[in-house]
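*Asks:* what follows is a predicted structure for the sequence shown.
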Amino acid sequence: RNMKEVLRLFLWLMPFSLLGQDYTSYLSGSATDTTTKPRGGVCLMGGATEDDNAMKWFLQRAAGGDVLVLRTSGSDGYNAYLYADLGISVNSVETIVCHNASASNDPYVQQRINQAEAIWLAGGDQWTYVSYWRNTPVAQAINQAIRKRNIVIGGTSAGMAVLGGYYFSAQNGTVSSGTALSNPYHQAVTVDSLPFIDSHNLKHTITDTHFDNPNRKGRLLAFLARIKNDYGGVARAIACDEYTAVCIDTNGMAHVFGGHPTYDDNAYFIQANCELTNQMPENCSPGAPLTWNRGGRALKAYQIKGDSTGNKTFNLKDWQSGTGGLWLNWYAVNGNFSEQAGAPLNCNSTAINEVPGHPNIIAYPNPVRTKLTLTGTDLPPHKTAITLQNHLGQNVNFSISPRGAGYVLDLQAVPKGIYTLLIRDRNQRTYTRKIIKY
C-alpha cells in the first residue's frame, strides 16, 4: 500500500507530458481555481529580461487571480518569478508548454485558459504559435477571455509579436531590415492579417520586438508599407527595445517602462502620416527597393524612453497625444531608411482624400494565387458592388460566388500584379483593399 501511495504522489508531481505527450504543465501555488475581477489590458515586452515594474503592472491587473503562461518551448522559468519574486499576490502561476498543435484540442488546456485572469505568451518562434493556435480552440478561448472576462494579456518577443491585428508570422524565418527594404515582397516578409489574438486597442497595429538588437526600424517600415499597400486603411505599429515594455490599460493609454536614464530603453509608436493627402508608398512592389518618402514625412514615430515609473505615455485612442517623448519622421528611398526630427502630429489638420479600408471586412489570403475570400459583417448584399481595378484604374474581369456569409473571388485568370479591390457598402460608400496577385 505504501508503494501505491508513493506512486500516486509521483504521478501527481511529475510534469504532465509523461502522461500525455501533447503538453507539459507546471504549477506553482494553489491547484484550486479562484475567480476574481481582472482589470484587463495588454503588456508588450521587448524580448530580453522582463522589466520588473511592467510585470508588476501585469500581475496587478490579474487582481489576485490565476496566471497562465503559454509557450511552445522551454519549461517553468516564469513560475517562481511571477508567483513569488515580484511581491504581487496571485492564486497560482501555471505554465503549459504545448508540444504540438494537438494540444489545442485538449480539454485541460482549454479549461485552464477559461479559468485564467492573466495570460502571458512567452518568447520562442511566433510561427509555431500561429501554426499551433490560430483558428483553434486555444485562440477562441483566449479571445473570449479578453472579451467576456476582461483578462490581462501580454507577451515577450514572439509572444508580443502575435498580439497585433497585423503580425509578422515568421512563416519563412526571420528577415533583416536590409532584405525587407530591398524587396518588401521577399518570401520572408510574411505580414499576416488573418484573425488570431484579438487584443484590445491593437486591431490595426503590428508589433515588433528586439528593436535595438539588431536595428529593426527598416524592416518595420517595410511591414507598414506592405500593410498600407496590401490592405489600405490604417497602418500603425508599436515597437520595443529589448529591455523596454509598453503596458496598455483598457482606456487605451500606453505606459512605457524601462531602465532610462541608466539605459537607453525606447518604445516607438509609428503610423502612416495622417496629415498627407496621399499616404501610399511611391514604390512598394515585388523585386524592387522600397520607396516610401512623401517629402521625408511618410511616417510619424513617437519615441519614448521608458523608465521605472511608467509615467511617460502615448494615447492609443487618438494616436497623437503623448507625454515625455519626441516626434520623428521616418521614410525610405530606394531601399534606404532615414529618420529625422519631426513636428507633432495633428490628424485633424488636413482632409484625407484616400478612402480607408473597412475594419469589418477581411480579404484573405493576400497575396493571392487563385481564390480570394471576403468575410465580414459589413459586406454588401449584392456581388455587383465588388469590383477589381488594375493600376490604370480599369476594371478587371473575374468570377465571384457567394460562400456562407461572404464571397469567393476566382482570380486565376487575372494576370500577376497589384490591384485595388473596391467594395461599395449599403450606404454607397466605397472602401478599398490593395490585392497582390502572384
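*Replies:* Cool, the structure landed. Everything quoted here is computed from the prediction, not taken from an experiment.
*Asks:* for this protein, what spans make up the helices?
*Replies:* In the chain, the helices defined using DSSP state H lie at 2-13, 52-61, 79-80, 107-115, 126-133, 137-149, 158-161, 177-182, 217-231.
*Asks:* got the buried residues for the fifth one?
*Replies:* In terms of neighbour count (16 or more other Cβ atoms under 10 Å), helix 126-133 has its buried residues at 126-130, 132-133. C-beta coordinates here come from the backbone N, C-alpha and C atoms, glycine included.
*Asks:* between the helices of the chain, which one is nearest to residue 284?
*Replies:* When the helices of the chain are compared by Cβ to Cβ, helix 217-231 sits nearest residue 284, at 4.3 Å.
*Asks:* run through the neighbouring helices and strands of the closest one.
*Replies:* Counting contacts by 3 or more Cβ pairs under 8 Å, 6 or more residues apart in numbering; DSSP states H and E, helix 217-231 packs against helix 177-182, strand 191-192, strand 205-208, strand 236-240, strand 266-272, strand 325-333, strand 336-341, strand 430-437.
*Asks:* and that helix, average pLDDT?
*Replies:* Per-residue pLDDT values over helix 217-231 give a mean of 94.
*Asks:* what are the phi and psi angles of residue 72?
*Replies:* phi -120, psi 10 (degrees, to the nearest 10).
*Asks:* quick one: it from residue 167, how far?
*Replies:* According to Cβ to Cβ, to the nearest Å, residue 72 and residue 167 sit 16 Å apart.
*Asks:* what about those two, which has more around it?
*Replies:* In this view residue 72 and residue 167 are compared by other Cβ atoms under 10 Å, and residue 167 has more residues nearby, 27 against 24.
*Asks:* number of nearby residues for the closest residue to that one other than its chain neighbours?
*Replies:* Using Cβ to Cβ, 6 or more residues apart in numbering and skipping residues adjacent in sequence, the residue nearest residue 167 is residue 192, 5.5 Å away. As a burial measure, residue 192 scores 22 neighbours (other Cβ under 10 Å).
*Asks:* can you put the helices of the chain in JSON lines and add distance to residue 347?
*Replies:* Below are these laid out as JSON lines (distance: least, Cβ to Cβ, whole Å):
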{"stretch": "helix 2-13", "distance to residue 347": "57"}
{"stretch": "helix 52-61", "distance to residue 347": "28"}
{"stretch": "helix 79-80", "distance to residue 347": "44"}
{"stretch": "helix 107-115", "distance to residue 347": "37"}
{"stretch": "helix 126-133", "distance to residue 347": "31"}
{"stretch": "helix 137-149", "distance to residue 347": "27"}
{"stretch": "helix 158-161", "distance to residue 347": "26"}
{"stretch": "helix 177-182", "distance to residue 347": "26"}
{"stretch": "helix 217-231", "distance to residue 347": "16"}
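*Asks:* nearest to residue 209, out of those helices?
*Replies:* Among those, helix 158-161 comes nearest to residue 209, with 5.1 Å by Cβ to Cβ.
*Asks:* quick one: stretch 146-166 to chain centroid distance?
*Replies:* What separates the centre of stretch 146-166 from the centre of its chain is 8 Å, taken as Cα atoms, centre = their mean, to the nearest Å.
*Asks:* where among the helices and strands packed on helix 217-231 is average confidence lowest?
*Replies:* If the helices and strands packed on helix 217-231 are sorted by mean pLDDT, strand 430-437 sits at the bottom with a mean of 81.
*Asks:* re the thing from before, let me know which of the helices and strands packed on helix 217-231 is the nearest to residue 88.
*Replies:* Between residue 88 and the helices and strands packed on helix 217-231, the tightest spacing by Cβ to Cβ is seen for strand 236-240, at 21.6 Å.
*Asks:* tell me which other helices or strands the closest one touches.
*Replies:* Contacting strand 236-240 under the criterion 3+ Cβ pairs under 8 Å, 6+ apart are the following elements: strand 41-45, strand 205-208, helix 217-231, strand 266-272.
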